[in-house]
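Novice: Starting from these lines, generate the structure:
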Amino acid sequence: MTEPHEPEHPTRRLPTPGPVEEGGALELDQSASSAAYDPVPARQKRPAGAGRFWSARRIPATLLALVVLGGSGLLLYDVAAVRADRPAMRWRRSLAGQLAERPLENTWLLAAAALAVAIGLWLLVLAVTPGLRALLPMRRDRPGVRAALDRSAAALVLRDRAVEVSGVQSVRVRMGRGRVVVRAVSHFRELDDVRADLDTVLGTGIRELGLARPPSLSVHVRRPAKKG
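Specialist: Okay, the predicted model is just below:
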């Protein structure tokens, strides 16, 4: 287990009154404390080509290929049948008649056109975006080797580190591609002290994940909700 060290960007402690002793018990003076921490890792350079992984998108590609294959095959068969002096298929005659009779401002035509545009835009977005948002690219320390870390696994690692901080009762970690949001509940110790320790431990944990683009860190600490 890595021991926490002094943070490179220490969190300023908010001025708060000291705990008041009433009836032999310490009364906690804060209910919440939060901070935004942007880690600047030392001796960490971003290698070229450590971009996101591209999804193969096999399901959309398969569905599109089947639709294009089926439609083109049916149309080709019908054209060949007409060339062989046979009547065109009933669906093509009906479709041609409907298109000739219905005006362009017809509701069904506009709806079909809007659906076709939406599907086309969706396919374009799939073609130009990498996908696989659940994978965080790691640094390429060796040429020819690419690695990625699952976002849920990275969040679990940071959560395990956060619960080891003294005073932390429970913690939730939301791991994004550019930001890590940590919400902890502390049942003892000053909230600013707990938050500062979380900044240190989690900042070190983010650096040790070895990500190509280390996310920023936002820490929020609060007291447990009062029962009753």
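Novice: contacts, neighbours, all on C-alpha from now
Specialist: Will do.
Novice: residues in contact with whichever strand or helix holds L158?
Specialist: Secondary structure from DSSP states H and E places L158 in helix 151-162. By Cα atoms under 8 Å, 6 or more residues apart in numbering, the residues outside helix 151-162 that reach it are 134-136, 168, 171-176, 198, 201-202, 205-206, 209.
Novice: which pair in those spans the largest distance?
Specialist: The span of those, defined through Cα to Cα, is set by L135 and V168 at 28.3 Å.
Novice: So for those two, which sits in the more crowded spot?
Specialist: Using other Cα atoms under 10 Å, the more surrounded residue of L135 and V168 is V168, with 22 against 18.
Novice: my guess is the more buried one contacts R183, does it?
Specialist: No. Under the contact definition of Cα atoms under 8 Å, V168 does not touch R183, with a separation of 10.3 Å.
Novice: most distant residue from the middle of the chain?
Specialist: Most distant from the centre of the chain: D85, at 58.0 Å, with distances by Cα atoms, centre = their mean.
Novice: quick one: that one from D78, how far?
Specialist: 11 Å (Cα to Cα, to the nearest Å).
Novice: what about A111, how many neighbours?
Specialist: For A111, using other Cα under 10 Å, the count is 11.
Novice: Same check on the one 10 residues further on?
Specialist: Residue neighbour count, defined by other Cα under 10 Å, stands at 12 for L121.
Novice: sec struct for the residue farthest from the centre of the chain, please.
Specialist: coil (DSSP: H, G, I helix; E, B strand; the rest coil).
Novice: for it, phi and psi?
Specialist: Backbone torsions for D85, taken as degrees, to the nearest 10, come to phi 60, psi 30.
Novice: List the contacts of it.
Specialist: With Cα under 8 Å, 6+ apart, D85 has no contacts at all.
Novice: Per-residue pLDDT of it, please?
Specialist: We have a pLDDT of 83 for D85.
Novice: what residue ranges in the protein score low on pLDDT?
Specialist: Scanning the chain for pLDDT under 70 picks out 1-30, 33, 35-50, 228.
Novice: mind giving me the domain ranges of it?
Specialist: Domain assignment for the chain by automatic domain parsing gives 26-41+135-222, 58-128.
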